[in-house]
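Asker: Show me the folded form of this:
(chains A and B)
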Amino acid sequence: MVVLCLTSLEAFTRTVLVRESKDLSRFSTYPARARELMARPGPHVLFLGNSATERGVDSRLAEQELGVPAELFSADSSHINTWIWMMDAEFWKAGRSPELVVIDYFGKSLEDGRHLELGRLAQFFTDRDDWSELFEAELPTLDRRVELVVSSIWATFAFRDRIRDRIFKLIPGYEHYATVENAENNAMDKSEHGVTAPGSWSTLQRFLVLARDHHTRVVFVAFPTRSDYELEQPSLDAIRAAGMTHLDLRHVPELDPAKHYDDGIHLNAEGRRIYTLHLVSELKRLQLIPAP
Amino acid sequence: MNYNQLQFWVLFAFVLVPYRWLPHRAQNRLLLVASYVFYGFWDYRFLFLIFVSTVVDYIGGLGVAGVQLSRRRLAGLGSTVVLAALLLTSGIHYSALLHGDLVAALPDGIDRLEITAAVFAAVIAYGALLRVLYGLPATRRRKAFLVVSMIVNLGILGFFKYCDFFIGNVNALLSAIGVTGTSVGLLKIVLPAGISFYTFQAMSYTIDIYRGELEPTERFDDFALFVCFFPHLVAGPIMRAHRLLPQVANVRRTKSADLEEGLLLVLVGLFKKVALSDNVAPIANAVFFRLARGDTAGMTAADVLVGIYAFAIQIYGDFSGYSSIARGISKWLGFELVINFRQPYIAVSPSDFWRRWHISLSTWLRDYLYIPLGGNRNGVRAEYRNLMITMLLGGLWHGARWTFVAWGLYHGIILCAFRMAGVRDVTPRNSRWRWALRVFVMFHLTCLGWLLFRADSFSTVERALSVIVHNPHITMLAVTPLAMMAFYSLAIFVLEWFTEGEERLPRLMQASPVLQGVIYAYLVTMILVFPASHAYDFIYFQF
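Answerer: Modelled structure (predicted):
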């Protein structure tokens, strides 16, 4: 009975949940899209990031304006510790090196210790060969390591948070309540733990080394969120030291906080168009697009 | 390292597999080592405290019974204590030792030798005291050994648990009466996990021997295992010596039914911890954090009540979950621990509640405090006084905070109030509606107690009560978490209704295979697919 129940759940997850989830179904298209991008004559531009990038950058418009093939890969609520594996899985490990990768980020997304959704990493962006590096770099505890291994073979386990969210979304007002509850719990954690330990940026360093080794130029772009945030000097230093570029676009004059945002982070359609054009013009101004 | 961490289960497997093939004495030694290792993972330095408690109560128990240990054995125990102090306080980096790095494991210096020297001096002094005690006439000797055991146990507990509380309150009192410049700095003592549990357990051993209800054990390893038996070491149930010690001393047989019942208990316990308690904890935290920082604007009575209900479920799932797992793995090892919870939220009166909640503590307090104080033998006034003292100390047992004292007092008051009013217990068989009403009332009285228990200060309690009184509205924001709580808790409460808590859990093993399958499938699915995204420590570890 236990086996039957878990098998049915697994079948449901793989056939219904993965297909219906915008985020997950998108990931399964990445290998083909990466192949297609690199099959076109270069140089190739990849926009990488989280939902801010997804809803903030129009890759078709960017392609048109830049005049070179461009693609956009994103994962919701992801940070540097996911982007490095996305790049590796879809490009570098397969021997594909896009000439330019533009990473939109905000807040502390480049710092170590950001939330890492192991399920999607295990199911889409890593395989057994990556485990030792992943264990070493991101997963110091036995529990997390086992979580990764189990997630790689069991989709229900990998996407359990999404399953729970889907069930609770049936309860009226769940999403609003979850936002309020998370904010309170995060504030409580901060007040209980007091001064946080000094940050580190080792994943960013690894990312930069990999990019350099694969001859990929990376531009890190501080994304314009509605409320301001501080840039982290150590990450800027690391980017500069690796010979890569940092673009501070936190304040795009044409973007009106009252008119161009759906919420504190995500741009609406008009905001997206404005930001894409601004980003493209900056990339052109800095002559970051290599010659074909 | 604990039950909600994989590490524990991996190490436990390393214990369980050889355990089943070993002879009885070797099993005990394995369990003793495993118990120290498990506890040492939390903070190895505090193993010394357990060891001191163990040695003092071992010698004390024998002393009360008139058994004098030979000089050689005393010297052996004394030198083991000194050696333990040396090893555990010398600053050896045991984590490095675990990784095989001998150089990194070396202590940074020898500046902690004064602790070992102090322990050595204490051992010499205790040895001298023993010579005096052994020379006393039988009656005085029995009492003297008991007193020494109490002083050492309560001294350790008092120092580690209440010292800073005492200093803080003396400072506040002096400052309130205008005495300035005398403030004493807090010692910022780390509370050893489970100190209240194993101290009470060790004390009960000496007291029971003093009362003539128990024969002392001459085997030190048996007694040491009784004190530190890992399944229940840090959060109970508190086991009396007359129940646990014979199980340690005698050969244990494990039947296949025990293994199955153990599995069911472990699954139920894990479910209660990882799928129930840890999932509702953020609901309670969100409400109590708002109340604690005084951000009550827009809060309604429904919001506050939801927070309190969530905490009621959280603490029940957390604590009874631990007890269930402790009982389950003990069954696998051939031990039988007492049931610690019997559906406390269907209690119909305060006395009924205490017959169902943390039973091992309430019976301990009854037998070693309430009854020795006179119980209900010296008239109504004395009975109420004894009840109040017992509950107040029971509250203080939970922690060094005035809100815990208030929680104990509150329970004392409602116990007395129900007795004064002569309210008799009802069962669903007497009258279903009256019973349901009484359960409803008692649950809310319990929840009022939980408000005191969970609040970090009396201001938080005041704010919560003020919101309940002044803003008695229901909002959608309160209905959502109620539905979430129902999702996590309904099935387990229904299951407990049919099995009467853990009382008739074996009944499930006689149920149809389909029903059993459904229950196992539900528990496993919930544990694996719906665990909380954040694993919280067990609440009772801090006690």
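Asker: Run a quick neighbour tally on B:R45.
Answerer: The number of residues packed near B:R45 is 17, by other CB atoms under 10 Å in any protein chain shown. Where you see a C-beta, it was placed from the backbone N, CA and C, and this is true even at glycine.
Asker: now swap in B:L528 and tell me
Answerer: B:L528 has 18 nearby residues by other CB under 10 Å.
Asker: can you tell me which residues contact it?
Answerer: Shown in contact with B:L528 (CB atoms under 8 Å, 6 or more residues apart in numbering or on different chains): A:L6, A:F157, A:R160.
Asker: part of a strand, is the first one?
Answerer: What that stands for is A:L6. No - with DSSP: H, G, I helix; E, B strand; the rest coil as the criterion, A:L6 is assigned helix and is not in a strand.
Asker: Name the residues of stretch B:282-302 that come out as buried.
Answerer: Going by neighbour count (16 or more other CB atoms under 10 Å in any protein chain shown), the buried part of stretch B:282-302 is B:282-292, B:296, B:299-302.
Asker: now swap in stretch A:40-48 and tell me
Answerer: Residues A:G42, A:P43, A:H44, A:V45, A:L46, A:F47, A:L48 are the ones in stretch A:40-48 that count as buried (16+ other CB under 10 Å).
Asker: Same question for stretch B:79-88.
Answerer: Under the neighbour-count criterion of 16+ other CB under 10 Å, stretch B:79-88 has B:V81, B:V82, B:A84, B:A85, B:L86, B:L88 buried.
Asker: Name the member of those with the shortest distance to chain A.
Answerer: B:L88 (25.0 Å; CB to the nearest CB).
Asker: Where neighbours are concerned, which of the contacts of B:L528 has the most?
Answerer: Among the contacts of B:L528, the one with the most neighbours (other CB under 10 Å) is A:F157, at 23 neighbours.
Asker: Distance check, it against B:F51.
Answerer: Using CB to CB, to the nearest Å, A:F157 is found at 41 Å from B:F51.
Asker: just to revisit the earlier point, any idea which of the buried residues of stretch B:79-88 the model trusts least?
Answerer: For those, the weakest pLDDT value sits at B:L88, with 75.
Asker: which one is that one nearest to, not counting chain neighbours?
Answerer: Computed as CB to CB, 6 or more residues apart in numbering or on different chains, the closest residue to B:L88 that is not its neighbour in sequence is B:F48, at 4.6 Å.
Asker: wait, doesn't that neighbour sit right on B:T89?
Answerer: Yes - assessed by CB atoms under 8 Å, B:F48 is found in contact with B:T89 at 6.8 Å.
Asker: Grab the nearest non-local neighbour of the closest residue to chain B within chain A.
Answerer: Closest approach of chain A to chain B (CB to the nearest CB) occurs at A:M1, with a separation of 2.5 Å. Nearest residue to A:M1, sequence neighbours excluded (CB to CB, 6+ apart): B:G517, at 2.5 Å.
Asker: give me every residue that touches the one residue in chain B that gets nearest to chain A.
Answerer: Closest contact between chain B and chain A, by CB to the nearest CB, is at B:G517 (2.5 Å). Residues in contact with B:G517 (CB under 8 Å, 6+ apart) are A:M1, A:V2, A:L4.
Asker: If we only consider these, which is nearest to A:L116?
Answerer: Taking CB to CB as the measure, A:V2 is the one of the contacts of B:G517 closest to A:L116, at 29.4 Å.
Asker: give me every residue that touches the closest one.
Answerer: Contacts here follow CB under 8 Å, 6+ apart; on that basis A:V2 touches B:G517, B:Y520, B:A521, B:V524.
Asker: what's the closest residue to it other than its chain neighbours in contact with, if anything?
Answerer: Nearest residue to A:V2, sequence neighbours excluded (CB to CB, 6+ apart): B:A521, at 4.6 Å. With CB under 8 Å, 6+ apart as the criterion, the residues that contact B:A521 are A:M1, A:V2, A:L4, A:C5, A:L6.
Asker: Mind telling me what element residue 152 is part of?
Answerer: Assuming you mean chain A. In this structure, A:S152 is located in helix A:142-153 according to DSSP states H and E.
Asker: oops, I was thinking of chain B
Answerer: helix B:138-157.
Asker: can you tell me which helix or strand the residue nearest to A:M1 belongs to?
Answerer: helix B:513-529.
Asker: send the alpha carbons of that helix over as PDB?
Answerer: Coordinates of each C-alpha in helix B:513-529 appear next as PDB, following Å, rounded to 0.1, in the frame of the first residue of the first chain:
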ATOM      1  CA  PRO B 513      -4.300  -5.100   6.000                       C
ATOM      2  CA  VAL B 514      -5.900  -2.500   3.800                       C
ATOM      3  CA  LEU B 515      -6.500  -0.100   6.800                       C
ATOM      4  CA  GLN B 516      -3.000  -0.700   8.000                       C
ATOM      5  CA  GLY B 517      -1.700   0.000   4.600                       C
ATOM      6  CA  VAL B 518      -3.600   3.200   4.300                       C
ATOM      7  CA  ILE B 519      -2.300   4.400   7.700                       C
ATOM      8  CA  TYR B 520       1.300   3.500   6.900                       C
ATOM      9  CA  ALA B 521       1.000   5.100   3.500                       C
ATOM     10  CA  TYR B 522      -0.400   8.200   5.000                       C
ATOM     11  CA  LEU B 523       2.200   8.500   7.600                       C
ATOM     12  CA  VAL B 524       5.100   7.800   5.300                       C
ATOM     13  CA  THR B 525       3.800  10.100   2.600                       C
ATOM     14  CA  MET B 526       3.300  13.000   5.100                       C
ATOM     15  CA  ILE B 527       6.800  12.500   6.600                       C
ATOM     16  CA  LEU B 528       8.600  12.300   3.300                       C
ATOM     17  CA  VAL B 529       6.500  14.600   1.100                       C
END
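Asker: could you check the angle helix A:142-153 makes with it?
Answerer: When axes from the mean of the first three to the mean of the last three CA atoms, to 10 degrees is applied, the directions of helix B:513-529 and helix A:142-153 differ by 110 degrees.
Asker: Residue 134 - how many residues pack around it?
Answerer: Because you didn't say which chain, this covers chain A. Neighbourhood size, A:L134 [other CB under 10 Å]: 22.
Asker: actually chain B
Answerer: 15.
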